[in-house]
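Enquirer: Need a 3D model of the sequence below.
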Amino acid sequence: MTYQHILAEARGDVRVLTLNRPERLNAAPPALFDELRDALDRLDGARAVLITGAGRAFCSGADVAGGALDGDDPGTATHAALTDHYNPTLVAIADCPVPVVSAVRGPAAGIGCSLALAADLCIASDTAYFLQAFVNIGLVPDGGATWMLPRLIGRARATAMMLLGERVPAATARDWGMIHDVVADDALDAAALALATRLAAGPTVALGLMRRAIGRALDGDYAGALAAEAEAQRTARGTADSREGGAAFLAKRKPVFTGR
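Expert: This next block holds a predicted model:
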């Protein structure tokens, strides 16, 4: 499928999805998130996903200036954009059967911040920053930010980030535990692809089960997490990758996983 707002390509076993509106700092109209969701439905055997942005930004937020959120009742238009376009895509990332990596340079603001942090592992360049600037325009955080940020960085930091609307530089985001790592700007693309490629070479079914179990455990109790782990382990134990992992361990060699 040909997309208007993103690029989708295969890099080995990694599906690379690039937000491709560099002239707008990858500000995202609802249609861009629709395209991301479609691409996630068309993995074509990919064993990991990498989401990045073209040019000097990851995503500067929803494309408020583009007109898609306007109308006689802008509140209703914004609600529809979130419930029909942005939110279903973020849920699709959460439900993705393979690991998801995001690579951030420049701003990851508003819904772009939520998109970056929806990945399992977020790697940022030293030019990156994360921003919840809704307070500056009289709006409230969306894209799951009020759920996600307190869990990642704690209530106090999340509250300050949202109520004050100040930038959080990449190094601070790493130190807070918001993201996985920070690298030099000219090393970001290679580092992110290497990370995604490493995940793609892993036991795909088990990795998918892990990421879903982690997500469920955030809202469940301890006993529920134990039960969910046992069910996931039942599934993982029946895979070819599990058999290969066991054989490799006994033979003292590196396993070769096939994603099955």
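
Enquirer: and residue 16, how many neighbours does it have?
Expert: 23 (other CB atoms under 10 Å). In short, each C-beta sits where N, CA and C put it, glycine included.

Enquirer: Contacts only, for it.
Expert: 7, 8, 9, 10, 49, 50, 52, 193, 196 (CB atoms under 8 Å, 6 or more residues apart in numbering).

Enquirer: Is the fifth one within a helix or a strand, and which one?
Expert: This points to residue 49. Using DSSP states H and E, residue 49 maps to strand 48-53.

Enquirer: What's the mean pLDDT across that strand?
Expert: For strand 48-53, mean pLDDT is 98.

Enquirer: Would you agree residue 100 is in contact with residue 51?
Expert: Yes: using CB atoms under 8 Å, residue 100 is in contact with residue 51, at 6.7 Å.

Enquirer: Mind giving me the packing neighbours of the strand holding residue 49?
Expert: The helices and strands touching strand 48-53, judged by 3 or more CB pairs under 8 Å, 6 or more residues apart in numbering; DSSP states H and E, are strand 14-19, strand 100-104, helix 188-200.

Enquirer: As a markdown table, those with mean pLDDT and distance to residue 259 would be great.
Expert: Shown next, in a markdown table, are the helices and strands packed on strand 48-53 (pLDDT from 0 to 100; distance: least, CB to CB, whole Å):
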| stretch | mean pLDDT | distance to residue 259 |
| --- | --- | --- |
| strand 14-19 | 98 | 12 |
| strand 100-104 | 98 | 15 |
| helix 188-200 | 98 | 8 |
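
Enquirer: Comparing those, which comes out most buried?
Expert: The highest average neighbour count among these, using mean count of other CB atoms under 10 Å, belongs to strand 100-104 at a mean of 28.

Enquirer: ok, then the element right after that one?
Expert: In N-to-C order, the element after strand 100-104 by DSSP H and E is strand 107-109.

Enquirer: Pull the residues that contact that following strand.
Expert: So strand 107-109 is contacted by 25, 57-61, 115-117, 124, 128-133 (CB under 8 Å, 6+ apart).

Enquirer: cool, stretch 168-175 as well?
Expert: 104, 124-131, 161, 176, 178-182.
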